[in-house]
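Engineer: Okay, here's the prediction I keep looking at, along with the sequence it came from:
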Amino acid sequence: MRSTAKWLDRVLRTPVGKLLKPRSGLLFVLSVVGIEEEGPRNTRTNTKERLVRFSVISWIVGPSLLRLRLRCDSTMKQMVNILLLALLVVTSLCASDQVITKKQPDAVPSDKGRGILVTYIANEGVLVSAGDKQVLIDALHREYKFAYAFPPPDLLRSLESAASPYNKIDLILVTHIHGDHFHPLSVGLHLQNNPKARLVSSEQIAEGVKKDFSGFGTIEKRVDRVPHEWKRKVELNVAGINLKGLGLKHSGANFSWIQNLGYIVELNGTKILHIGDADMTEENFSSLGLVEEKIDVAFIPYWFLLSNTGRAIVQNQIRAKHVIAVHVPPAEAAQVAEQVKLAYPGALTFTHILETTPVPFKIFQSPFTIPS
Ligand SMILES: [Zn+2]
């Protein structure tokens, strides 16, 4: 021990040692700051970080204790021995998983201030996240028709098994029963694998899951049915989240039987609107008082933004601060994004699976200066 101490002492007196010591102090501060800031986001147990902590603590405290030990009488030596042992324990703990293992990641990084983060899943599927609340809308579906985007196999597996980072979803909302928005097994499996999650949707969706998902009995209590009545708005609070179900008509005469529920969800002082495949008529929206809701971000099927009628609805009946175009066919993604940019400046178009944006958008142009 004495020779090690002497050796360390000698090393620290050399020009390199003198250089290393103050730097290790700085490194220590930086590593602590880095770990604090990164904490909840990081997905991995970072071995490099553990080693930095280990070596930094040893570098700072170790040599001082060893030097002290050299100058002490036998009683003091014992105390220093205990301190050295404690140092060994602390550094070992630092190097172990238990101390530095990161918290499970949020599905997307959580936002501490006002505002939310939105992650595109596929087609009209989005994950909305704010602080410790997460809402999945129209995101649990499988391959349906070639024209529509769907979660690729790895993502689908994670969503259905509620694997990290999809293990903290509070609320699952489904606008309607079409296969590019909903799959009964995907919804059932997620609910079964994530005991915290609640499903809020129409009678048709609840019955769809009941019919096709054999484990329905185990999740039934977490299924909330919202009556779908055209032009009617239903207020709810589920999982501590304020939301409203909107009785909207589905587009197309063939689909008048579909219960298409829109949603207004309030998270972190931010209001989100999702309209599913709502019919593009003024009448469909005019009784819902959406302008008075002061919507922050609206998910709108892209064809609304490419048509005069649709733009008029978005501007006059919805008037959201931010617009995100969804339901973009993968084969035409680049072209549609370009068209939306021209037709509705300021709107974002979701085209890449798992792309994420904060709302308010960082770069924002008023959507109300539309070229005619
Ligand atoms: Zn549909």
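Structural biologist: Yes, it's here.
Engineer: Identify the residue nearest Trp230 in space, chain neighbours excluded?
Structural biologist: Nearest non-adjacent residue to Trp230, counting by Cβ to Cβ, 6 or more residues apart in numbering: Gly247, 4.9 Å away. Every residue, glycine included, has its C-beta placed from N, CA and C.
Engineer: I'd guess that neighbour is in a helix, am I close?
Structural biologist: No. Per DSSP: H, G, I helix; E, B strand; the rest coil, Gly247 lies outside any helix segment and is strand.
Engineer: For beta bridges, what are the partners of it?
Structural biologist: Counting by DSSP bridges, Gly247 is bridged to Leu261.
Engineer: How much space separates Asp73 from Met79?
Structural biologist: Per Cβ to Cβ, to the nearest Å, Asp73 is found 10 Å from Met79.
Engineer: Next to the ion, which bits of the stretch 151-300 of the chain? Give me the list.
Structural biologist: 178, 277 (Cβ under 5 Å from the ion).
Engineer: all strands of the stretch 151-300 of the chain, in order?
Structural biologist: 171-173, 198-201, 223-225, 233-238, 241-249, 259-267, 270-274, 297-301 (DSSP state E, counting those that start in this stretch).
Engineer: Out of the ones you listed, flag the one nearest Ser164.
Structural biologist: Nearest to Ser164 among these is strand 171-173; the distance by Cβ to Cβ comes to 17.0 Å.
Engineer: Each with direction, which strands does the closest one pair with?
Structural biologist: Short version: by DSSP bridges, strand 171-173 pairs with strand 133-137 (parallel), strand 198-201 (parallel).
Engineer: Of those, which stretch is the most buried?
Structural biologist: strand 133-137 (a mean of 26; mean count of other Cβ atoms under 10 Å).
Engineer: how about the CA coordinates for that strand, as CSV?
Structural biologist: C-alpha atoms of strand 133-137 as CSV (Å, rounded to 0.1, in the frame of the first residue of the first chain):
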residue,chain,number,x,y,z
LYS,A,133,-48.6,11.3,-20.0
GLN,A,134,-48.7,9.5,-23.3
VAL,A,135,-51.6,9.0,-25.7
LEU,A,136,-51.6,6.8,-28.7
ILE,A,137,-54.1,7.7,-31.4
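Engineer: now it: how far from the chain's centre is it?
Structural biologist: With Cα atoms, centre = their mean, to the nearest Å as the basis, strand 133-137 stands 8 Å off its chain's centre.
Engineer: Now do that strand, average pLDDT.
Structural biologist: For strand 133-137, mean pLDDT is 97.
Engineer: who touches it?
Structural biologist: Identification of contacts with strand 133-137 by Cβ atoms under 8 Å, 6 or more residues apart in numbering yields 106-107, 121, 124-129, 159, 166, 168-175, 190, 239-241, 263, 265, 267-268, 272, 274, 299.
Engineer: give me phi/psi at Gly131?
Structural biologist: Dihedral angles phi and psi of Gly131 (degrees, to the nearest 10) take the values phi 60, psi -130.
Engineer: how near is it to Thr270?
Structural biologist: Distance from Gly131 to Thr270, by Cβ to Cβ: 11 Å.
Engineer: of those two, who's got more company?
Structural biologist: Neighbours per residue (other Cβ atoms under 10 Å) separate Gly131 from Thr270, with Thr270 holding more: 21 against 13.
Engineer: That one bridge partners, please.
Structural biologist: Leu267.
Engineer: Could you check how far the closest residue to Glu355 other than its chain neighbours is from the ion?
Structural biologist: Nearest residue to Glu355, sequence neighbours excluded (Cβ to Cβ, 6+ apart): Tyr120, at 5.0 Å. Distance of Tyr120 to the ion, given as Cβ to the ion, to the nearest Å: 18 Å.
Engineer: Per-residue pLDDT of Tyr120, please?
Structural biologist: On the pLDDT scale, Tyr120 gets 95.
Engineer: ok, now Ile82?
Structural biologist: On the pLDDT scale, Ile82 gets 76.
Engineer: That one: how many residues sit nearby?
Structural biologist: Residues near Ile82, counting by other Cβ under 10 Å: 10.
Engineer: just His322 next, same as before
Structural biologist: His322: 20 neighbours (other Cβ under 10 Å).
Engineer: could you measure it against Phe299, distance?
Structural biologist: 10 Å.
Engineer: looking at the protein, which helix or strand is least sure?
Structural biologist: Across the helices and strands of the chain, mean confidence by mean pLDDT, DSSP states H and E is lowest for helix 97-100: a mean of 34.
Engineer: Quick check: what element follows that helix along the chain?
Structural biologist: Using DSSP states H and E, the helix or strand that follows helix 97-100 in sequence is strand 116-122.
Engineer: Can you list the strands that that following strand pairs with?
Structural biologist: Applying DSSP bridges, one finds strand 116-122 paired with strand 125-130 (antiparallel), strand 356-359 (antiparallel).
Engineer: and the angle from that strand to strand 259-267?
Structural biologist: When axes from the mean of the first three to the mean of the last three Cα atoms, to 10 degrees is applied, the directions of strand 116-122 and strand 259-267 differ by 150 degrees.
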